[in-house]
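S.K.: Okay, here's the prediction I keep looking at, along with the sequence it came from:
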Amino acid sequence: MPEQGTAEEGTAVHGTAPEDISEERLVGSWRLVAHFFLAEDGSTRPGPCGEHAEGLLIYDGHGYMSAALMRTARPVADGPGTPVGYMGYSGRWRVAGGRVIHEVLVGSHPRIVGTEQVREARLDNGRLTLRERLGGAPRSLVLQWRRADPTPTEKKVTQMNGIDMAGGAS
């Protein structure tokens, strides 16, 4: 989560400009760094899976994707209002106008199956930020991702194909 309950809107890390969003730059595996609700005044609160959630986001080069998030801390009680323990979905994906669009084919919540989940996308210094605009307060759900460390097989294949895992062709 950003520093102590606030987030600076639209700032680039270390003074660099955000990178262009394209399918080529997003293909690969990403690990969740943080997820939080962001209010219009810049204040934040933990996302649906809590402060120490784990997550994996995968975009493949054939237009398929998968996203999974899980709570690492066990809830004190079950029932209405209990934080989410797991959420995930898979389907097709594409980039359009600075947004990533996920066409949900299967999901842990039946209400999202068959929908398009639209995320504003920003790539700064290898960190991917996806933002979902919500109605009412809080105004947005923000998910920040970093590239997952490549497996030995991925390293071999990407070296053979001349791809830099930090973000595109070398």
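M.R.: It's in.
S.K.: Can you point out the buried residues in stretch 42-49?
M.R.: T44, G47, C49 (16 or more other CB atoms under 10 Å). Quick note: C-beta positions are derived from backbone N, CA and C, even for glycine.
S.K.: quick one: pLDDT of the closest residue to M65 other than its chain neighbours?
M.R.: In space, and not counting its chain neighbours, M65 is closest to W93: 4.0 Å by CB to CB, 6 or more residues apart in numbering. On the pLDDT scale, W93 is placed at 98.
S.K.: Can you report how many residues neighbour the residue nearest to S140 when sequence neighbours are not counted?
M.R.: Leaving aside its sequence neighbours, S140 sits nearest to L38 (CB to CB, 6+ apart; 4.5 Å). By the criterion of other CB atoms under 10 Å, L38 has 22 neighbours.
S.K.: which residues of this structure score low on pLDDT?
M.R.: Counting by pLDDT under 70, the chain contains low-confidence ranges at 1-18, 74-84, 136-138, 151, 153-158, 160-170.
S.K.: give me that answer again for 50
M.R.: 1, 3-16, 168-170 (pLDDT under 50).
S.K.: Run a quick neighbour tally on the residue nearest to M65.
M.R.: Neighbour count for W93, taken as other CB under 10 Å: 23.
S.K.: all strands for this protein, in order.
M.R.: With DSSP state E as the criterion, the chain has strands at 28-38, 44-46, 54-59, 64-70, 86-96, 99-107, 116-124, 127-133, 140-147, 163-164, 168-169.
S.K.: Looking at the ones you listed, spot the one closest to S22.
M.R.: When the strands of the chain are compared by CB to CB, strand 86-96 sits nearest S22, at 5.9 Å.
S.K.: what's the burial count for the residue lying closest to G50 once chain neighbours are set aside?
M.R.: Leaving aside its sequence neighbours, G50 sits nearest to R71 (CB to CB, 6+ apart; 4.9 Å). Neighbourhood size, R71 [other CB under 10 Å]: 20.
S.K.: from memory R71 sits against G85, does it?
M.R.: Yes - between R71 and G85 there is a contact under CB atoms under 8 Å: 5.0 Å.
S.K.: what sits in contact with each of those two?
M.R.: By CB atoms under 8 Å, 6 or more residues apart in numbering, R71 and G85 have these common neighbours: C49.
S.K.: what's the nearest residue to G107 if we skip its chain neighbours?
M.R.: Excluding the flanking residues, the one nearest G107 by CB to CB, 6+ apart is Y89, at 3.5 Å.
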